[in-house]
Each structure stands twice: as structure tokens, then as C-alpha cells.
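K.L.:
sequence plus the predicted model coming up.
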Amino acid sequence: MDDVGKWLQRDVNCLKDPQRSVRKRSLEKLSHVSDLVRKFGQDALVCFMQSHMFQPLVECIADPIEKCRELSILTCKEYAKVGAMQGDGREKALIIAIHARIGKSPFVETSEELRLMLLELLQLVLQASDIATLENCIGDVMEVLAKTAADPFPDAKRVCCDTVLVVAQKWPIQVKMHLATLVKPLTLNLGHQHAKVRQCTLQALEAIVPCGSTTLPELMKDILLPNLSRVVFDRSAAVRKQLVQTIATWYARITELREFEASLLPLQLSGLTDDSLEVQEFTMQKLNELCLIWAADELNKVNDSSEDEAMSVIVPLASVPFQSRPPKGARLQCQRLLAKVIPSLLEQCSDWTVQTREKSTSILRIVLLLAEDNVNLHVPAILTAMAKTCRDDEAVVVNSVTACMGIVGQFADPELLFATLLPLAAGRLAGQDTSHHRTNGLVLLSMSIAGMPQTKILPHMDRITEALADNGLREADVPELQEKLALVTTTIVSTGYPLLSSHDVWSFRLFWILSQVMAATPEDSVAFETAAQGLEYLAQAHNVVLEGLYIKCLPLLLQSIQPANWTKATPNRILFDSVARRGGRACANNMHAIVPILITHLDPSKEPDVRLAFLALLETMLGNTLMYKAFEPFASKLLINGITPNIVWQAGKVAATIRKVAMACMYTLLRQGLATRACLFEAAPHMLPVLKAALDDTDAKTRQLVCLAFQFLFVALPDALGGMTNYNITVNVAVIVEPVSQLYHELLKRLDDSNDLVRKAACATYVMFLRAAPPSHFQGTIIDYTMDALFVHLDDTDSEIQAAVFEVLKETKRIDAIRLASKARDNRNRMRNPMYIDQLLQ
């Protein structure tokens, strides 16, 4: 020690020199502790330091010169590492010095780097000190830590938290008396921008909160829980993982937490819903550890029931991250706290922030999995809360709600669910009969049914299908309501799949609902696609293709929607239109029921929009290859009572449209060969006058269709205008012959039509007209006038018109070849191109 004194005493004395440079040089020399240890040995150096150097060195911590303070603190740290600070009250003196610099606010020590070094020095002192030595100084230490926890320097915050861990481990009793002093500033760091600071803060709280305090309930309620609830949304997975660790430690070590178990449980379970797989696995590990404690809890044993072990989770997608039934301890703990946990979670499920709604519903899913059938007491509250969130704008929230309701459907009493949801969906609850409430009811019904086992659905299928098939719900015209109705119906079909083949009434109701949705929605809508998928599932349930399902259900559907006084907007008319277009062979089999409905609504006394809709439907059905032949027995009625009356001229644009569509129906019927000779002979007296008048219609398309219809009439009835009697049909010759003289002039007028398509159709029709009666019926004025008109149009500028007229002239040769040759020679020199004339003269 004498050798040490000879070398260092002068430097120790210089620590009090008024010259800063002198103090600085001395401190620099004294700070090389490792060199001094090698030179003098550790024991001798420590002895000298304790007897001669300690006091002046500590005084230099408050030196006015920053560099001197830095060297002094650095030297103290180095000596603390070799154990020079223990004994004779040196630890207390050092703590007092540190407290003087950083134990007050604002800090006496203005340099953040030096504040960091002082904290590191404090940590070294605390680690090396005996518990009994510093029992009376912990108050100062806690003040230092409380002040430095609020230090703006992030590194200082981290070292402060590390120091807290040391204090909590060695002096828990003293910490208990000063817990509030430290907890308040620490929790503020949970919102710090540095993830490492937030993580260290949670570690510090994990250590000191179990020390307890008389003020712990107030701290937990007012400070800890509000701040910890925000950590659930932390962007750092490491911080969220530490939150799980912290809560788990509190559960394991704090007996005073009974009051706050319900608040801490969702925070603990939040890790199971974390985006990070690492956090999920860590949470599961901690949960399994806590389950041992919870299972042994006397309060939880009250809810224990051995027969429950037979139950198993059967919603694999909703049960993530559990691979099987959740641990028993977790179930017992959750079931005991359910009445306190559920209300707060449900309140947060409708929070204004997406993040909170998504996380709350995710945690609720875990809680419901753990609660199992204990959820029955809370079904009304859950349904009320989920109704507010089930149609959230954010898909992640809707997915979470879907999972929650699936679990409710699995475990809850179906009587409770349906007693609320079915009246809500049907709009039968007071004040909740709006489309918004009904849509919510359908959404929740769909979600819950998706999670139900078939054994639960079966006893209620009749009331479910009856409620959904209610007119007020099935015929709703709100798009979103239609979409959800299709969804819930499809869900019922897919969930109750094996039950439907043996219950035709249920199947028919579901078919009716899905068909109604398809009829009332656009083909590119979600509702239409969902309903179409539902019909496919329903057909599969009956082991038939979709056509087979229509064959099975269409007769009863037609019987159920018998028309009273349909308007265009009547839901049953819209449904009839849809199934008639899609029914295929099913419609063909039920044409005896369909045709009367068509004829009834084609009556001229019906509203124009109704007739137009049914004419459009009829035209589509006549063109359908699967059903058009079934119209043949009814062709006469359709022509006489349905189609022809709608071709009669009436003023107005709507009437013109009706005539055009009616003509399209007649043309399609004739083109498909559905009108037999007997049918045409019966209908001709009604049709011909109307068709003749329609040749002058204002719409070119109508005129073209009339010409084409005449063409098919003449083809179907060769020589009919000549008064032939075939198939035991007696024809009134006066009625038949008279149209020859009436029609030829009207048909020839169409050669002057403003539309070339009409002119070409008129030419083709006139060829058939000339074949429809014996040549004698055209002799004289008729054929003479016809040839004159045709030769005029043979010189048309349009080559296609010329060719069409030429075909008609060739047909006149059969009637009067001499007259044709004479007129051809007379007109040859008038033609721009005599090619066709020369062919006629050959």
C-alpha cells in the first residue's frame, strides 16, 4: 500500500486543486485502473482507494467541469468492478452522490451521457451490495430510478429498467413501499418510439409489480391496465411477446390480482391471436404453464365437470391456434371470469378504430372457444354486439366476427339463437323491422349456422326454412338483404346437406328462396352467384343435376305462385319469368300450367309493361331448344289469344314495341314449326287481317318480321290460298281466296320500303305467296301488276335487291310465261344491265 501511496497520493491530492487542468490530469491517471492493478496488485490498490481516494473521487462527481465529472464517474465504475465500493458506508455515500446529480427534476447533471454513466455506476453498486447494507437507501434509489425513467435519453431509460430489475430482485419489501413512485413514470415509456425501450419497460414492470403495494389496485386500474391495453397493438413482435411474458409472470406471482383477473385475461389471450407465429407459440407455452395453476385454483374447481371431457372442438378453422380442445385450466379460468370478460370485449368490438375492433373480435373468438357451452348466458349480449359489427367495412373484422359466430353456433343452445335471429331476420321485432336490422339478422344467422353440427340444426330446420321463405323476407328488394338471404340459405343447404334428400318440404322452400333471389338480382351480382351456387348444392343433396331439381320443384312452385293480378314489379311475376327461362325440360313438362299464365297476361286489357314482359319471355321460351316443342299442342291458343291481339295497331311508342316483340314471337313460333296445318287453318282467319295491317307498321323491324311470318305461313300451307281441303279440314273458299287479291298489293308495296332488309324479306315472301295458290288465282290484273312492279325493281342499284326480284320473276313464269316474256322484251332496253332479262328470255 505504501508503494501505491508514493505513486498516487499526489494525484489524489490534486483532485482538490482549483486548476481544472490539474484535476483533469490526475483523474486521467487514476482512471487507468486496469494498468494500476497490473502494477500494484488488486488488493493493494483497493485498500488505497478505500482509505485515501474514495472521498475525493466521489466529490469530483459534482465537479463543475464536465470532463472531470466524466473521468470521476468512469473511475468509480472501474473501481466498483473490482469491489472497491463495499463496506464502511461507501455504497450509501455513492448513492447519495448519484441522487444529488440525477435524483431531482430537473436534473442537476445536464449531460445525458453522464446521466447514463451514473445509472450504470448505480447498477454496479446495487449488484455488488448486500441486501441489509442498502435497506435504508432504497428510497433514494427509487427516486433516482423514477426520475431517470423519464429521462429523454433512450439509453438512460434502458439502463434504468435494467437497474429496476436488480432492485426488485434484492429489495422487494422496500420496493413495495415505493411502487407507485416508479410505476407511473415507467408506464409512460410504453409509448416510446424505440421498441427496445418499450420492451425493457415491460421487463421492469414484470419485476416490480409482483413486489406488491397497498396502492396496487389503484395503480392497476388507473395506470397499468389502460397503458398495457395499448401494447396489444404494438408494431414490434418482441414487445408483444414481452407483454405476454409480463402478464404470465403477474398471474403466477401476484396473489392480489383476483380483482383484475378479468382485465388481464384478454391481454394474456391476445398473444394467441397475434400475427406473429413466434408470439402465438410463446403464448401457448405460457398458457400451458398457467393452466397448471388455474386448474388447481379452488375457485375454478367449482366449474369443473368431468363429463365435459367428452366434448371436443369441431370447428377446425375457428379453433386456431389450438390443435385440439383447449387446456382444462384455461377453460375453467375463462368460464369463471366470463361474466366480467364478455361485456368489456363486446364494447370494444364496436370501437371506432379498425385495429381495436379486429383485435377485440379476435380475442373474443378465443374466449368463446374456452367458454364452450357456458356462452349460453351471454348469447343475447353477443348477438346485439355482433349485429353492429357483422357487416363491418373491413374484411378482417368481418372474418373475426364470422369465426366468433361459428363458435357460438357450435356451443350455444340453438333455441336461444333462433328465438332471436329468426324474428330479427323476418323483421318481427319491435323497432327492428328495417332492412338494416333484417340484414344483420340474416348475416348472424348464416354465420352461426355455419358452425352448427347437423344434430343441432335438424330439430329447427322446419322453422328456419319457414321463416326464410316468408313473403316479406323472400321478396325483399334491398340488394344487401338479398345478398345475405342468398348467403344464409346457401349456408343452410351446405350445412344441412344430408338432411335435405329426405325432407322435400325443406328442399322446396330453399329452392323457392334461392330462385327468388336469382330472379330479383342481376346475373353479375354476388347475390345471384351465391344463390346459383346454393341451387347447385341443393341439387347435389338430392343426387340430381340442376335440371332434375327444377323438374322436382317446379310443379309445386307454379302451384304456389298462381297469379291473381300481377304487375311487372310483382315478385311472383319476376320469379315466374326467371324459372320459365331457366327451367328447361322442367318447363316443358309443365307447359299445361305455364301457357295459361302466359295467355292470361297477354290479354290486351293488361298493362302494356306486363304484356311486353310476357311477350319477351314467350319469345325466349320459344327459342329454347329444351322446351320449344312442348308449345306445339298450345300453338293455336297462343296465336289466337296471346300473340295476334298484341299485333293489332295501337298508337304510341310502347304499343309499337309490343307489336314488334309480338311479331318476334309469332315468327319464332312459325320458324320452329310449332304450328301444324290444323293450327294454321284455325288461326289464319284471325292472323291474316292483322298481319296485313302490320305490313304498314312504322317500325322497319316489325315490317320485316311480318314478311317473314307470311313467308312461313305460305310455306306451311302450300296451295292453302287455293281452297284445298286436306287432313279432313273443310276450308271456307271465300275466306281463303279473297286474301290473294288483298295481299298481293300489300306485299308489293314492301318492295318500295325504305329498309333494304324489308325489301329482301318481301321478295322471299312473294315467292312463297305465288306458290300458295293455283296459278288461276293470279291470272289477269294481279300477275300483270306484279310483273310491272317487279321489272321496275329489277333495275335497282343494289345488286342483292336485283337478285331477290329476279327470283320472284322466275316464279311468275310458272303462272304466265307468255306475259313474262313479253314484258321482259319490252323492258330490256330500259335496264342498265340486261343480264337478268336475258336469263328470263332463255
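P.N.:
Happy to help now that I have it.

K.L.:
how far off centre is stretch 82-97?
P.N.:
Its chain's C-alpha centre and that of stretch 82-97 lie 66 Å apart, by Cα atoms, centre = their mean, to the nearest Å.

K.L.:
could I get the buried residue list for it?
P.N.:
82, 84-85, 90-95, 97 (16 or more other Cβ atoms under 10 Å). (Glycine included, C-beta is placed from N, CA and C.)

K.L.:
what does stretch 48-59 give?
P.N.:
Neighbour count says stretch 48-59 has 48-50, 52-54, 56-58 buried, by 16+ other Cβ under 10 Å.

K.L.:
which among those residues gets closest to residue 229?
P.N.:
Closest approach between the buried residues of stretch 48-59 and residue 229, by Cβ to Cβ: residue 58, at 44.3 Å.

K.L.:
OK, contacts around the closest one?
P.N.:
Residue 58 makes contact with 72, 76, 93-94, 97, according to Cβ atoms under 8 Å, 6 or more residues apart in numbering.

K.L.:
again, but for residue 615
P.N.:
Counted by Cβ under 8 Å, 6+ apart, residue 615 has contacts 602, 643, 646, 658, 661-662, 664-665.

K.L.:
quick check: closest non-adjacent residue to it.
P.N.:
residue 661 (4.3 Å; Cβ to Cβ, 6 or more residues apart in numbering).

K.L.:
max pairwise distance over the contacts of residue 615: which two?
P.N.:
Farthest pair in those, by Cβ to Cβ: 602 and 664, 13.5 Å.

K.L.:
from residue 402, how far off is the residue nearest to the spatial centre of the chain?
P.N.:
What sits nearest the mean C-alpha location of the chain, by Cα atoms, centre = their mean, is residue 395, with 5.3 Å. In this view, residue 395 and residue 402 are 10 Å apart by Cβ to Cβ, to the nearest Å.

K.L.:
on that earlier part again, could the contacts of residue 58 go into CSV alongside pLDDT and distance to residue 835?
P.N.:
Compiled in CSV, the contacts of residue 58 are given as follows (pLDDT from 0 to 100; distance: Cβ to Cβ, whole Å):
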residue, pLDDT, distance to residue 835
72, 90, 124
76, 88, 124
93, 89, 131
94, 89, 126
97, 91, 126
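
K.L.:
re earlier: does the residue nearest to residue 615 touch residue 612 like I think?
P.N.:
Yes - Residue 661 lies in contact with residue 612 (Cβ atoms under 8 Å); the separation is 6.2 Å.

K.L.:
more neighbours: which of those two?
P.N.:
residue 661 (25 against 21; other Cβ atoms under 10 Å).

K.L.:
list the contacts of that one.
P.N.:
612, 615-616, 619, 646.

K.L.:
and the pLDDT for it?
P.N.:
Residue 661 is assigned a pLDDT of 92 by the prediction.

K.L.:
do the same with residue 824
P.N.:
Looking at residue 824, the pLDDT reads 73.

K.L.:
strands along the protein, start to end?
P.N.:
Assigned strands in the chain: none (criterion: DSSP state E).

K.L.:
name the residues that touch stretch 518-536?
P.N.:
475, 477, 479, 482-483, 485-487, 489-490, 493-494, 510-511, 514-515, 517, 546, 549, 571, 574-575, 577-579, 582.

K.L.:
please pull out the lowest mean pLDDT helix or strand from the protein.
P.N.:
Ranked by mean pLDDT, DSSP states H and E, the helix or strand of the chain with the weakest confidence is helix 733-749, at a mean of 64.

K.L.:
one step back: which one among the contacts of residue 661 gets closest to residue 236?
P.N.:
residue 616 (63.6 Å).

K.L.:
ok, now how distant is that closest one from residue 570?
P.N.:
16 Å.

K.L.:
include distance to residue 115 when you put the buried residues of stretch 82-97 into TSV, please.
P.N.:
Shown next, in TSV, are the buried residues of stretch 82-97 (distance: Cβ to Cβ, whole Å):
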residue	distance to residue 115
82	24
84	23
85	19
90	21
91	20
92	20
93	19
94	15
95	15
97	13
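
K.L.:
which one is residue 260 nearest to, not counting chain neighbours?
P.N.:
Using Cβ to Cβ, 6+ apart, the nearest residue to residue 260 is residue 220, at 5.1 Å.

K.L.:
tell me the contacts of residue 643?
P.N.:
602, 615, 618, 662, 665-666, 669.

K.L.:
6 Å instead, please
P.N.:
662, 665-666 (Cβ atoms under 6 Å, 6 or more residues apart in numbering).

K.L.:
how's this protein carved up into domains?
P.N.:
The chain breaks down by automatic domain parsing into domains covering 232-303+311-412, 422-543.

K.L.:
same list, these, but as JSON lines with distance to residue 608 and mean pLDDT please.
P.N.:
Formatted as JSON lines, the domains of the chain follow (distance: least, Cβ to Cβ, whole Å; pLDDT from 0 to 100):
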{"stretch": "domain 232-303+311-412", "distance to residue 608": "40", "mean pLDDT": "87"}
{"stretch": "domain 422-543", "distance to residue 608": "21", "mean pLDDT": "88"}
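
K.L.:
save these as CSV, and put in distance to residue 10 too.
P.N.:
Converted to CSV, these look like this (distance: least, Cβ to Cβ, whole Å):
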stretch, distance to residue 10
domain 232-303+311-412, 51
domain 422-543, 86
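
K.L.:
would you tell me which of those domains gets closest to residue 714?
P.N.:
domain 422-543 (39.8 Å).

K.L.:
re the thing from before, of the contacts of residue 615, which is the nearest to residue 461?
P.N.:
residue 602 (40.0 Å).

K.L.:
you'd agree the closest one is up against residue 642?
P.N.:
Yes - if you go by Cβ atoms under 6 Å, residue 602 and residue 642 touch, sitting 4.1 Å apart.

K.L.:
so which of the contacts of residue 615 are in helices?
P.N.:
658, 661-662, 664-665 (DSSP state H).

K.L.:
which residues in the stretch 51-200 of the chain form helices?
P.N.:
Remark: helices assigned in the stretch 51-200 of the chain by DSSP state H, counting those that start in this stretch are 54-59, 66-81, 90-102, 112-128, 138-148, 154-170, 172-177, 179-188, 195-208.
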